[in-house]
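A.B. asks: Next input, structure requested:
(2 chains)
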Amino acid sequence: MTKRLIPVFALLIVLVLVLSACGGGAAPEGQTVVETVVVTVEVPAEGGEPAAAAPAEGGILARVLDRGYVVCGGRTDLAGFGMLDENGRNVGFDIDFCRAVAAAVFNDPEAVEVVPLTAADRGPALQTAEVDILSRNVTWTSSRDAQWGNFTTIMFYDGQGFMIRKDSGITSTDEFDGATVCVTSGTTTEQNLSDFFRQNGMEYEAVIFEESAAVYGAYEDARCDITTSDKSQLASVRSGFADPDAHIILDITISKEPLTPAVPHGDDTWFDIVKVVSYALINAEELGITQANVEDMKSSDNINVLRLLGEEGDWGYTDLGLEPDALANAIAAVGNYGEIYDRYMGPNGISFTLPRGPNNLWTNGGLIYAPPIK
Amino acid sequence: MASSELEQEEIRPPQPPGFLQWIRENLFSSIFNSVLTVVLLPVVVFIIYQVLVWVLFQANWKAVTQFPLLYTVGQYPRDQLWRVGFIFSGMILMLGISWGRWGGLLRSITLAAGGLLLVVAILPVQHAELTLNMRLYLVSNIALALVGYLIGKKIPIKSYLIFAAWFLIPIIGVILLAGFESSTLIPPVQTTQWGGLLVTFLLAAGGIVLSFPLGVALAFGRRSSLPVVSAFSTVFIEVIRGVPLVTILFMFSIILALFLPAESRIDRLVRALMAVTVFSAAYSAENVRGGLQSVPLGQIEAAKALGMSNFKTTIFIVLPQALRAVLPAIVGQFISLFKDTTLVVIIGINDFLGIGRSIINSDPEFVQLRTEVYLFMALVYWIFSYLMSLASRRIESAMGVESNL
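C.D. replies: Numbers count the residues shown, from 1 in each chain, chains lettered A, B, ... in the order given. Next up is the predicted model:
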């Protein structure tokens, strides 16, 4: 009897493992979402946890406050966005946003735990609310919005571009036919590339590597004519080449990559808090509030500045359960949007230099725009 | 006088071959070998020369030498480093004591470690992380090893106490590293901050210590006459062995999280450790089962005839012989477990390899230096794997296991 059951058991377990592999490798399937819902319902029955740790849905803010720090899904291996400094401290454009939220909630930019996530486990980590914020260079797409969590405010407009050697003689994408292209495997980058060439009726030969460092190494060793990735990444890589001026990043952008911090589904207050922090950083740049002058600005005669800094009126802090000066604290901790950008990608940035382009304020011809704080 | 000296010389045992004789015997023993030597020697010299030129003059080791702390402890808070230092010193002391007690390979390991510490401590370079305090700490560890040696040599400590201390160090170490919620002296440090070699060692040591008993239990379970136990063990072993470690890591990291409520979530590092343990246990189980089958039935019958219980027969008769027979296979399994821990990179844990990748990708300039970083990491993994294999050979010869190595 038991011997007959063995194959059945084995089959079941194998099935679970195979499913886990699929869920891990690509964007999670619909069924994983179903699983989460079922499980959260079952929690109180089987959880031997103390009663205080009840909120599975709708209690992210309560959990953050109870814990005393924000858990931020980030990364440690992308120059400019999420990386380590020489003391092992998490820094980067994405990480600073988490620090801004922590400063708004706890008045302490260090009240952050950065959980390094890979491309495969960032979705599940947000779905299961393992992280309070996912700020990890994630492109906002409709399916991710439906499955993973709530996307807040676009903080960085990126897009896929091409880099070529100056001496290759190529001046536009029309001359790409028959080229060899270095690209990372298994990403949307690879997919966008093939779509682009097919749409334009051109042929190409792909040189594919798993790791991005290998892709750019091969490109620099002239094993391919073109390399393609998000433009911010291309700028970063180019700045590391022995002779950056020998390479050009073409103007053309073949995909939309709005990089956006996201929060788990189920807690609107937490969603609002994260959003208002992003609005504050953007509005602060518009209004000229910087990390250095935030205290002086509290006695400004501009009513919008006073509102943002919590000196006048209520920007919503009562309903969100924050202090009036929460946004002022966030700016004092990491600076305004432009300061964060310049810290890593400005002319004297730590990582590399990337002109603001679409990431300029709307008043300067860019796309960065936020609702008013009032 | 001259004649007596001559006589003495004649009594001496034959001298080991001299340098020239060695060359004649090994490189020019026949015409074919001579030709081979003449042809290959320039090739070998050329390769060695090129490698040396690259290592010493062309390679840029900046990405390796600039961040010794990142490679060793990852993001562990720099103001809490004393905890890591405390554990390290504890291990150095125990290494010294073990050297004094047993000598042999432990002597070589301790001396090598001490030599390395000394070299690092007196490196004549300016380095931000190699402060005077750090140098003094490194030197004091050498003294600590010597103190340990004297203790082990002079004071007859029971062997099992030393084993117990070795066993306790990692347990105390993990508690100390994690800290306590309400303590100001040792505040909690999240495991996401742990990294580098520290995490690699924790995963490897934890995986070895936990998977071995589990593997033994599964091996017995598979041979059990209880159908449920044997079916479970067989299914467990065969399923785990039939699936790549990457898949198991993903399952523990992602699927397990989907089944657990947000509040009772298991720590990421623990999840990785569970995956590594389960994976390694399945392989250990089959190794141990091989050993169990090699124990002649007569041994068990003899034990029974002496009136030993089933339990005693297993513990005192079967298991020691079984483990002795498969020791090389088990150590091989541990070495591969040590290297397999690098796979935790894919679930976002910054072990030694993960930190190396983070360093490469943290600065556009370092992307060009990835060859140096990967070579350095390969060397470190090789050193520790080789140490384990050396140690296993010593244990084998001490236990009288035939070895062709």
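A.B. asks: Report the helix or strand with the lowest average pLDDT across chain A.
C.D. replies: The weakest-scoring helix or strand in chain A, judged by mean pLDDT, DSSP states H and E, is helix A:30-46 (a mean of 36).
A.B. asks: other SSEs contacting the next helix-or-strand element following that one?
C.D. replies: Note on helix A:30-46: by DSSP states H and E, the next helix or strand toward the C-terminus is helix A:60-67. If you count contacts as 3 or more C-beta pairs under 8 Å, 6 or more residues apart in numbering or on different chains; DSSP states H and E, helix A:60-67 packs onto helix A:268-287. C-beta: built from backbone N, CA, C; applies to glycine.
A.B. asks: Establish whether the helix it packs on and chain B are in contact.
C.D. replies: No: between helix A:268-287 and chain B, judged by C-beta under 8 Å from any C-beta of the partner chain, nothing touches; the nearest distance is 12.8 Å.
A.B. asks: Next, the buried residues of that helix.
C.D. replies: In terms of neighbour count (16 or more other C-beta atoms under 10 Å in any protein chain shown), helix A:268-287 has its buried residues at A:269-287.
A.B. asks: Between helix A:60-67 and that helix, find me the angle.
C.D. replies: Angle of helix A:268-287 versus helix A:60-67, following axes from the mean of the first three to the mean of the last three C-alpha atoms, to 10 degrees, is 90 degrees.
A.B. asks: Past helix A:268-287, which element shows up next along the chain?
C.D. replies: Downstream of helix A:268-287 (by DSSP H and E), the next one is helix A:303-308.
A.B. asks: Counting by contacts, list what that next one packs against.
C.D. replies: Checked by 3+ C-beta pairs under 8 Å, 6+ apart, helix A:303-308 has helix A:268-287 packed alongside it.
A.B. asks: Alpha carbons of the helix it packs on, as PDB, please.
C.D. replies: Only the C-alpha atoms of helix A:268-287 are listed here, as PDB (Å, rounded to 0.1, in the frame of the first residue of the first chain):
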ATOM      1  CA  ASP A 268      -3.300  52.600   1.900                       C
ATOM      2  CA  THR A 269      -1.900  54.800   4.600                       C
ATOM      3  CA  TRP A 270       1.600  53.400   4.100                       C
ATOM      4  CA  PHE A 271       1.100  53.800   0.300                       C
ATOM      5  CA  ASP A 272       0.200  57.500   0.900                       C
ATOM      6  CA  ILE A 273       3.100  58.100   3.200                       C
ATOM      7  CA  VAL A 274       5.700  56.800   0.700                       C
ATOM      8  CA  LYS A 275       4.000  58.800  -2.000                       C
ATOM      9  CA  VAL A 276       4.000  62.000  -0.100                       C
ATOM     10  CA  VAL A 277       7.700  61.600   0.700                       C
ATOM     11  CA  SER A 278       8.500  61.400  -3.000                       C
ATOM     12  CA  TYR A 279       6.300  64.400  -3.700                       C
ATOM     13  CA  ALA A 280       8.100  66.300  -1.000                       C
ATOM     14  CA  LEU A 281      11.600  65.600  -2.500                       C
ATOM     15  CA  ILE A 282      10.400  66.800  -5.900                       C
ATOM     16  CA  ASN A 283       8.600  69.800  -4.700                       C
ATOM     17  CA  ALA A 284      11.600  70.700  -2.500                       C
ATOM     18  CA  GLU A 285      13.800  71.000  -5.600                       C
ATOM     19  CA  GLU A 286      11.100  73.100  -7.300                       C
ATOM     20  CA  LEU A 287      10.900  75.400  -4.300                       C
END
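A.B. asks: what is the mean pLDDT for that helix?
C.D. replies: The average pLDDT for helix A:268-287 rounds to 97.
A.B. asks: Thanks a lot, catch you later.
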